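Asks: Next comes the sequence, and after it the predicted model I'd like to discuss.
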Amino acid sequence: DAKTTQPPSMDCAEGRAANLPCNHSTISGNEYVYWYRQIHSQGPQYIIHGLKNNETNEMASLIITEDRKSSTLILPHATLRDTAVYYCIVRVAIVNSGNTPLVFGKGTRLSVIA
Amino acid sequence: NAGVTQTPKFQVLKTGQSMTLQCAQDMNHEYMSWYRQDPGMGLRLIHYSVGAGITDQGEVPNGYNVSRSTTEDFPLRLLSAAPSQTSVYFCASTRRLGYNEQFFGPGTRLTVL
């Protein structure tokens, strides 16, 4: 799996857009970008994933640069409940071995401030 | 759907005791797995199952047993608890092997004295 780099922490005002960056300069052509988050004391939660096109769902938008070396997760209107650690993971879409776990790095700790 | 449920939420054991952490999902997912999360170490895979009757080891299986008699349930057994097993345990499931949209349970916080 390619390595990702994320800032350790970010602040965002409540109601504003939160833009979380992720660098993945060694990403391979068949690897997707996945985002998860972990709210304090809860299990990780899947947010979104994409290959090369921008993606949007009810939770967030994912913007991937044309060269695919970086991406940004956007929470359009952050709320206090979005305070969490956000993980960017780069991985092939279908893993052939069950013994290949999702690797969660240190992520970005997002604090949404009232 | 309740998603992935885990019981208990908290547990304190003495060294040498055994216990079973319960995990259940109601999404008809084939793949289920157990992770442990320790401070500063991310999540580490303990055991996983690709379907009923099939289990295999992850990266840190020692001291743990699993079984998968039904699609819904995937219990994790601690045979003889040790302080090194103090951790937060998460169960996860996904529809089939290899899919990365995993659904995690709320976790069990275990302390071994």
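Replies: Done, it's in. What you are looking at is a predicted structure, and each value in this text was computed from that prediction instead of being measured.
Asks: helices or strands up against the helix or strand of chain B with the lowest mean pLDDT?
Replies: In chain B, the helix or strand scored least confidently by mean pLDDT, DSSP states H and E is strand B:43-51, which has a mean of 90. Secondary-structure packing of strand B:43-51 (3 or more Cβ pairs under 8 Å, 6 or more residues apart in numbering or on different chains; DSSP states H and E): strand B:31-37, strand B:54-57, strand B:64-66. All C-beta spots, glycine's among them, are computed from the backbone N, C-alpha and C.
Asks: and the longest one with strand B:43-51, angle?
Replies: On the basis of axes from the mean of the first three to the mean of the last three Cα atoms, to 10 degrees, strand B:31-37 is oriented at 160 degrees to strand B:43-51.
Asks: Could you check how far the spatially closest residue to B:Cys91 that is not a sequence neighbour is from A:Gly43?
Replies: Distances taken as Cβ to Cβ, 6 or more residues apart in numbering or on different chains place B:Cys23 nearest to B:Cys91, at 3.5 Å, with adjacent residues excluded. Distance of B:Cys23 to A:Gly43, given as Cβ to Cβ, to the nearest Å: 11 Å.
Asks: shared neighbours, those two?
Replies: Both B:Cys23 and A:Gly43 are contacted by B:4, B:105, under the criterion Cβ atoms under 8 Å, 6 or more residues apart in numbering or on different chains.
Asks: ok, back up a step: which outside residues touch the least confident helix or strand of chain B?
Replies: In contact with strand B:43-51 (Cβ under 8 Å, 6+ apart) are residues A:44, A:98-99, A:101-102, A:104, B:30-38, B:55-61, B:64-66, B:68, B:71, B:74, B:76, B:89-90, B:97.
Asks: do you know how far whichever residue of chain B sits closest to chain A is from B:Leu21?
Replies: Proximity of chain B to chain A (Cβ to the nearest Cβ) peaks at B:Phe104, 3.1 Å away. From B:Phe104 across to B:Leu21, the span is 14 Å (Cβ to Cβ).
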